[in-house]
Each structure stands twice: as C-alpha cells, then as structure tokens.
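In: Have a look at this fold, sequence not included:
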C-alpha cells in the first residue's frame, strides 16, 4: 500500500513505562479508565494481539496471557526497542508533562526508538512547577513566563490540557494582569497543586499562544476523549472557536489532538481557520479496524494539509506501535479504495498520505520529515 | 452467522398494545413523532415489511396495506405470539411505567412471548403515583422511598426518564432533605401530575442509585432520541458524567439506553466508568440495515463487556421482533466481516456476540441468560 | 442508476460570480474559510477535478492549473452555462440575500441555467435594508413586516441566517412589541448594520414563521457548518427545538439546510416534527465520495418524505454542478447497494430518490417538480 514505507513523524506521544508489568499494570495502561473491565476484550485488545504479537515472535492473535508471558520473557527494554523501531517512525515529539517519573526520559526513549526525539512542553505542568517553588503571587506570572520561555528554547512545541481542567471554553482574550495576579494569589495561598482556575488557565493558554507565535512553536490541545478526569462535553474542540478567532492572525499554529468523537467538528475548524492542524492521535490505536472509517469522516471536510499523524502512545510501546501500523493499514486501505473507485488519482493519494505521515507536521514544527 | 442461534435477553422493552389496530393507530406506534408522515417510507418501514411480513405468512417486502390486512386477519394476539416467539428472546425485562393501561401486563406478555419476564420499575412513575395518593409534602420523600423499595423487591432493575423532564444534567450529589421537602411542597400544592421539578428528579435519581446499589438492581436511563417531549441536547448521556463520578464506587450499575445519535459518547462513558453498560435499544429497529454501522461506531471504544442488547419494543410486537432479528443480522454481518478481514478470531467474535446477546446483562441483572 | 435521469429541484442555492476568476479568487470560493490552504487538496478539490473537468472538455482529474486555464479560455458565462445545464436541474430556488452585487441576478441565472428560477428571501437582509432607509425605531417592526410581505409575494420561500448571528437558540415565543421596539431603538441608534440583536432576531424568525404559515412559504434555516463567522455549537439544529414546538401546528414548513456534522440531529427533528424538512446542501459537494455515507446516516431516522436535495451552490457554478452530480452518483450508489442486499425493493428505492430529488420540495414550496 502507499503507506507501507512512509517514514512517520509522531507529532504527539509520551514516554513508556520503564519497568516490567504484571497483567493488572499492563491492562491499566490499555484503557482510559482506571478500573478496566477485561480490556483485552475491545477493539484495542484484539488489535494489539493481532499486530503486536508478531513483533514479539508470536502468531497474530496470540492469547493475551501468552502475549504477556512473552513480554516478560523479553523484558520491557527489548519489547520497547522492537515495537518502537518496527513502527517506522523516525521522529517523535514527546510530551514530558505527565507522570514523568514512571516513564522513560527523552534520551532513553530516543535510544530505545533509534529515532530523533524532540520535546513538547506542557503549559500546566510548568505553571504547577513554578507554583511549587514558593513564588509570591505578585511574581507568579513573570516567573511562569520566564520558565516557559526557558523550556521552550529547546522544545518543538507546547501543549495545553485545559480540556481536563475547565474544558476548552477558554476566553477569547487574555485575562488582564490584575485578574491573573488575583487568581494567582487565591491559588497559591490555597497551596497550589493541580491548576484548575479558569483565569489562570485562560491566561496560560494565551501566553502559550503568544510564545508559540514568537518562536514558531505549535500549540497542541488535548481535545475529545481521554481519562475520566475529563468532561467529554467540555472537550469538544469547537469550544476553542473564540481562541481560534483571536489567534488566527498571530502566526501561531494550533493543533487539535485526538478529537474523537468530535473529529468532524475538528475537521471543520481546520477548514475555516488556516492555522489549525488536526490529528486523531489516541483514537487510532483504540479503534483499530475502525480507523479507516474515522479517518474518512475527518477527511470529509478537512483540508489535506491540515491533517497530521500521531500515536499518543503512553506507557505501553504497544500504543506507539499500533498508532503507526494501524494508521498505515487503515489509511492505506482507505486511499486504495478511493483510487480503485476513481475518486482520486494515485498522485493525489500520494500527496494525501505523505502530508499526514510527516510533511504537514514537519512544516509546522520545523523539524525534518 | 454467529448470532443466528443465540438466545437473547431483551434488557429493556415495554408491553404491546392489546387491541387490533387500524392503519392510523399502527403508524402512530411506528414513529417517535405524534403526527407521522408516511412512516412506512423510512428505514423502519422497509425493514418491517422485509422481516415481519414472512412471520405473518406474507412474502418479504409485502405492501404495507397487505401487511396490515393480514395482521387484522390474524388478530393482535396471534401476531404478537408469532413475532415475540420468533425473535429467539428467552427473557424480557419490561418497563411498566408508561401508558400501561393500553398495554399487556407482565403476565400476559410472558404468556404471549412464551418467555421469562421481569419488571423494570420506573422511578418517576412511582413518585407520581405516590403524589396522587394525597401524601403530605413532609412525608413525600419517605413515602416514595417506601414504595420504591416495595416495588423493587420483585424487580430486575430501575429506570429513570429524567432525560424527558429536565434532561440528564442531574446534580452530582443528592439534594438535601430540606430542598426535597420544599420542592415536594411546591409540586404537591400545585396538584402533582407530571414530575418535572429538578430538585425532586435529582433526589429521585440518587435514591434510585442508592437502592440499586443496595439491592443489586441496575439503574437504566433513557438517553438519546425519543419522542418530541424530549430536548435532544439534554439527552446526551455525557451529561450524566457528574452522576457517574459520584456513583462509581457505590456498587450500582448504570445502563445507558438507546444513545443514538450520542452512541459514541455513551461508548466513551462505558470505557472510563466501570459501572456503565450501554445498549442501542430503540435505535436498532429504527435504523434497520444501518444497525451494523451504528454498532460499529459504538464498538470503536466500548469495552465488549459493557454492551447489551435490547429492543425497546413498545406497543407493536413488530418492534420487539425487529430489535432481535435486525440485531442478529447486522451484528452477525459485522463480526463476519471482521473475521473475514482477520481483525479478530472466531473465538473473539463468539465472546463479543454472546456478551451483547445475553451474558453481559445477565451478570448485571442477575437473571439467567 | 435510479438517480441518473431524475430532474432535480435545487431547493437552496445562490447566484454565480459574474466575472472570470484568477486562481486566488477561484480558491477562495472553494472553501468556507477566508484564507484557504491548498483547497484543491481536499475531497472537494479532487471531486471538482474529477467531475467538472469533463464538462469543460478535459479529462477527469485534470490538473488544477489546467482546469483553471481552460475555465478562463471558455469564459465564465460559457462555463456557467455548461455546468448548470449539465446538472439536470430544472428548478432553482435562489437565496438573494448575500453578496448579491457580485453575483448573477435571478433573471441572468435562469437564462444561463436554462431553468426555472424562484426567489428565497433572506429575513435578516430585509431587516437590514429597512434599517438602512432611516426608519424610526417606533416604526421599524411595521416597516420590516410590510417589506417582508411585499418581498414574499413573489418568493418561493424565506430563509434565516440566525445561526450566524446569535446561534439557533431562538426563543420559543415571539418577543413582545415593547421588547422589539426597545431593541430596535438600541440597534438603529447605534447605526444599524449587521443585525445581531437576539430580541430582534427572535422576533424576525417568528415573523418569518407567521408569514410562511400564511402564504405557504417554507422557512429555511442555515444549520451546521459554514464560514468562520459561525460558532459551530450554536448551529446545531437541535437548538431549534423550542421554535419547532411552537410552530408545529401553525402550518409553516421549516427547512433545515446543510446540517453536517449534525445531520443525525436534523434527521431526528424531521421524524418527530411533521413540519420539518432536511437537506444536506453544502455538505454534498464538499464531502464528495463520502456523500453516500453522510446520506446513509441521515436516512437512519429521517422519514423519506422529509429529505430534500439542494446544492447550496454559491459563486462557482462548479458547486451547483457538483451538488447535483455527486448527489446522483452517491445516492444512486447507496440505493443500488440496498437493493442488491435486499434491504428494499426497486419500487421503494424509486420512491425514495424521487422524493429527495424533487417531489418533497415541490410539495412544500408549491412549485412544479
């Protein structure tokens, strides 16, 4: 298929768990829930057994128990090495803002993957880190901006998880310094911790957009489904409309991650806002054989140059692997069918898949494809 | 197909109209609207003519008029007997809370269906019945709780139609006794009737969840499309997120019924909340040949153990029949295709369809599969 | 296919740009955005090259540059003539309320199309025109009503773009005369211009519904995706529920245009409200080979007599042409597949496609099919 040999740029993923896992630990990382119900009995589960088992020298569809036994035999490092390298991904943009103590760091990930690794800096994690230093409320905004700029210097992009905090309905304009100082005072005097204040989050997102515009760093947003910490209705990317209007002419690129079940809404935003990119991220490994259908829904309206690939792999290198191989299989099948039906030419299809695989993201993040 | 001979557990339906119907009466029961426009010209209409006509000794696709003539010839009892028995359903969970005077009772339904029948008690109907007894506002909450517990003793589950009243945005925590007493006083002094007070409904839903947890009775919610009494936006199951958070660790099972067009949202809730089940109910007979597509969208993310079958048959035994036979045909076709494409094994597919057909619901409702 | 020779009634479109266009000008009209990103690289782009190129004597899939060169060679009039006439559309209902100075008028459009043309009067444009006459606030409501009735005398229907202004959450009941006078005073004293006042818009929509009921003129609403002036969440047709309830028994027909990505919600409204029609308009040319899928989703629930065809062609006659030929191809493919699978009979399919092509709209607008 046209997608077989394309080198992928994974524009959004995380590190992998740096330990061998028992069944409970593995299953917890297979689902967005925290009390999984037989997660091998799901599209993700059958897809994992089908496509990851051969990488571990097992037959496709190996039983879950056999898969986990073989995994422990090989050890997490060898498993990670095999799965990441077999994905055909050459560049990984890694979000370092969540549960990093349990995950491989950038250097280790790059070595295991034998690939190029660049960092995505998570805005909320930086603000929470700064709060933990004991900074005074009056100096908070400046301190966060300083730290963000320092972290941004080597980064490939920025990311916000405001979808998990107040939802994506961020204010169209940046809250005033007085509002921010007041909110910082409230939050810091309550001990800081998980940042969920709407004024501070609104300010932080606008600051990220400003720095992103200055330094040509795309600003990613988690949108769509995720763990139960999230209210799905607040994660509809259409809620970002105000922010997208106010940032359209600033030069920043805004990236909508995952998007399902709102991927059609995200595709619409990508058509009308020239600075918006979309990917399906987390969706692809989860939905498995349904990825062609979800991708087709996204491509109904999205300009081809606005669609990017990512795996959102987190914890299990199986997820990074599946993101890649499911995408190849499903996107390949979709365009093959379109070529066969005369919907588009092979040349059109090549442009479409090359853009999604790497070149659209390479242009936005200014990294080699 | 794998689904051909599975005994079904219909985890949500209603009685059938205990009278012979003229065309107008029949057509009214074919649609969620109350002024139907040629309802035989719809997916439901063609599916009914295709799949029910042979049960009445007519050729598939018999004309609507011929179908209705033959139906009157046989009489409603014989038609009901044939359609229910040919559905391959062995157990029926019947909601007795709506328009029951016009519908067969539990015993009669069970006899016509030659199957096992258990009751689902509708919370709002119980509260309205209690209000009609002339209870004083101060004693209302206790009286409702007493009556609910009495009714629950023989029931298989509970159900709320709060989607039709205030929408699904019920409070995360149970309203206080003072709030409830005050709301009861307002409602009762206004004469009771249709319960639409948000405080009373919020309290009632939490009471249902508490009793459901204690007595191991799943609590069903109407979600998604329904009759015009409903505001579709308020029926998005994602609006239940707060309630799902607060009930997750109480032991109650929450069942999201119907769900269309929000079945992907429901599937997400089933992934992240371990006490959530989903079904497509009403959707399956309505969408006919599109059921495989809707089911596939649901299975993108839903854990297989969280998906149940029901028909939501109401009034016309045709709907109970179609729920079953369309599900067999469409779910069978979907998994056959997945097996043929190597997406999953026959063993996987058997587990998947057996769970949806009966065992997932049997586990939750503690009834024989 | 069954759809090949059906004469179409395009129940919603606009005029075409009356000038030859350079690449930038052409591309701007290909997208809902105002800063297009390679719009030929999209489903619309490949579909346009595939299906319009042959009408201009080029091979299917001709390169974009060759297409535009040939287009300029032939000149906009000849291109328009060919594309409109080859669409097989006999009657066009043309919205004259937007950017009309740059577009062909009704008479010119009819001559180019060699078809029958009727006007759709846009409510907001009439109100803004009346405001620009310098009318006093006290006389505003009466002046608008007079003008609307005058314009309606020759029209086939009315249209509201309130989705672009305050969103579709219009009040269930008409705002009082005092409220309207007060709002008119505010708006007019601020200089008029683009009408975005919720009271005036609510009043205007109810006035349109009243006049529509009296004169048997369907009232169209833009719903779903559109240009970036719109907030997608506010354009969900389900937000019209209150208005649909209050107008159900008045005799007016309400038409939901475009609908994507909320076409399932629109289909639901068409099932439960007997005075609602839906079309996919703008969606069909944009999604190209995906139109069968979108149409299938709509037909899951929509009564067949409630679904209409339109192109929403605007500016480029390519859009009018694609609306028609993509609809023929995709709707034809869908029903052919359903016939082949035994889902419905050829007779059923003929009724379905004839209704969508023309007769459902012909009945509502009282124009010849």
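Out: Noted; the coordinates are in hand. Since the structure is predicted, the reported quantities are computational estimates derived from the model, not experimental observations.
In: contacts, neighbours, all on C-alpha from now
Out: Noted.
In: Quick one: residues contacting the residue in the stretch 251-369 of chain A that chain B sits nearest to.
Out: At 4.5 Å from chain B, residue A:287 is the closest residue in the stretch 251-369 of chain A, using C-alpha to the nearest C-alpha. Residues near residue A:287 by C-alpha atoms under 8 Å, 6 or more residues apart in numbering or on different chains: A:43, A:44, B:299, B:300, B:301.
In: Buried ones only from those residues, please, as a ChimeraX command.
Out: A single ChimeraX command selects the buried members of the contacts of residue A:287 (16 or more other C-alpha atoms under 10 Å in any protein chain shown):
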select /A:43,44 /B:299,300,301
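In: so which of the contacts of residue A:287 would you say is closest to residue B:244?
Out: The shortest approach to residue B:244 among the contacts of residue A:287 belongs to residue B:301, at 17.7 Å (C-alpha to C-alpha).
In: hang on, that closest one in a strand?
Out: No: read with DSSP: H, G, I helix; E, B strand; the rest coil, residue B:301 is coil and lies in no strand.
In: So what does the nearest residue to residue A:16 once chain neighbours are set aside have for phi and psi?
Out: Distances taken as C-alpha to C-alpha, 6 or more residues apart in numbering or on different chains place residue A:315 nearest to residue A:16, at 3.9 Å, with adjacent residues excluded. For residue A:315, the backbone dihedrals are phi 80, psi -60 (criterion: degrees, to the nearest 10).
In: if I look at residue A:315, how far off is residue A:287?
Out: For residue A:315, the distance to residue A:287 equals 18 Å [C-alpha to C-alpha, to the nearest Å].
In: Buried ones in whatever helix or strand residue A:363 lives in, by neighbour count?
Out: Assigned by DSSP states H and E, residue A:363 falls within helix A:360-365. The neighbour-count check on helix A:360-365 (16+ other C-alpha under 10 Å) flags A:360, A:361, A:362, A:364, A:365 as buried.
In: got it, and stretch A:92-106?
Out: By neighbour count on 16+ other C-alpha under 10 Å, the buried set for stretch A:92-106 is A:92, A:93, A:94, A:95, A:96, A:97, A:103, A:104, A:105, A:106.
In: and which of those is nearest residue A:346?
Out: Lowest distance from residue A:346 to those (C-alpha to C-alpha) belongs to residue A:92, with 28.0 Å.
In: contacting residues for the closest one?
Out: Residue A:92 neighbours (C-alpha under 8 Å, 6+ apart): A:9, A:10, A:11, A:12, A:13, A:115, A:116, A:117, A:118.
In: how many neighbours does residue A:116 have?
Out: Residue A:116 has 18 neighbouring residues, counting by other C-alpha atoms under 10 Å in any protein chain shown.
In: so what's it bridging to?
Out: Assessed by DSSP bridges, residue A:116 has beta-bridge partners residue A:91.
In: Report the secondary structure element holding the residue of the stretch 251-369 of chain A closest to chain B.
Out: helix A:283-287.
In: cool, residue A:9 as well?
Out: If you go by DSSP H and E, residue A:9 is part of strand A:8-13.
In: Mind listing residues that contact that strand?
Out: A:88-95, A:120, A:281, A:308-314, A:320, A:324, A:357-358, A:361-362, A:369.
In: What of stretch A:349-367?
Out: Here stretch A:349-367 has contacts from A:2-3, A:6-11, A:156-157, A:216-218, A:253, A:304-309, A:331, A:335, A:339, A:368-369, C:41, using C-alpha under 8 Å, 6+ apart.
In: What subset of those is buried?
Out: When the contacts of stretch A:349-367 are checked for burial by 16+ other C-alpha under 10 Å, the buried set is A:2-3, A:7-11, A:156-157, A:216-218, A:253, A:304-309, A:331, A:335, A:339, A:369, C:41.
In: Among those residues, name the ones in strands.
Out: Judged by DSSP state E, the subset of these located in strands is A:8, A:9, A:10, A:11, A:157, A:307, A:308.
In: bridging residues for the third one?
Out: Residue A:10 forms beta bridges with residue A:92, as assigned by DSSP bridges.
In: again, but for the fifth one
Out: Note on residue A:157: beta-bridge partners by DSSP bridges are residue A:120.
In: any idea how far chain B is from it?
Out: Between residue A:157 and chain B the distance, using C-alpha to the nearest C-alpha, to the nearest Å, works out to 28 Å.
In: Could you tell me how far that residue is located from chain C?
Out: As for residue A:157, its distance to chain C is 22 Å (criterion: C-alpha to the nearest C-alpha).
In: pLDDT at that residue, what is it?
Out: Looking at residue A:157, its pLDDT stands at 98.
In: surely it meets residue A:214?
Out: No: using C-alpha atoms under 8 Å as the test, residue A:157 is too far from residue A:214 to be in contact (11.8 Å).
In: Now do the shared contacts for these two.
Out: By C-alpha under 8 Å, 6+ apart, no residue touches both residue A:157 and residue A:214.
In: And stretch A:4-12, end to end?
Out: Note: stretch A:4-12 ends 21 Å apart using C-alpha to C-alpha.
In: average pLDDT for it?
Out: 97.
In: Tell me how far that stretch lies from the chain's centre.
Out: Relative to its chain's centre, stretch A:4-12 lies at 14 Å (C-alpha atoms, centre = their mean, to the nearest Å).
In: now do stretch A:332-352
Out: On the basis of C-alpha atoms, centre = their mean, stretch A:332-352 sits 27 Å off its chain's mean C-alpha point.
In: buried stuff in it?
Out: By 16+ other C-alpha under 10 Å, the buried positions in stretch A:332-352 come out as A:332-336, A:338-339, A:343-346, A:348-349, A:352.
In: again, but for stretch A:248-265
Out: Within stretch A:248-265, the residues that count as buried by 16+ other C-alpha under 10 Å are A:251-265.
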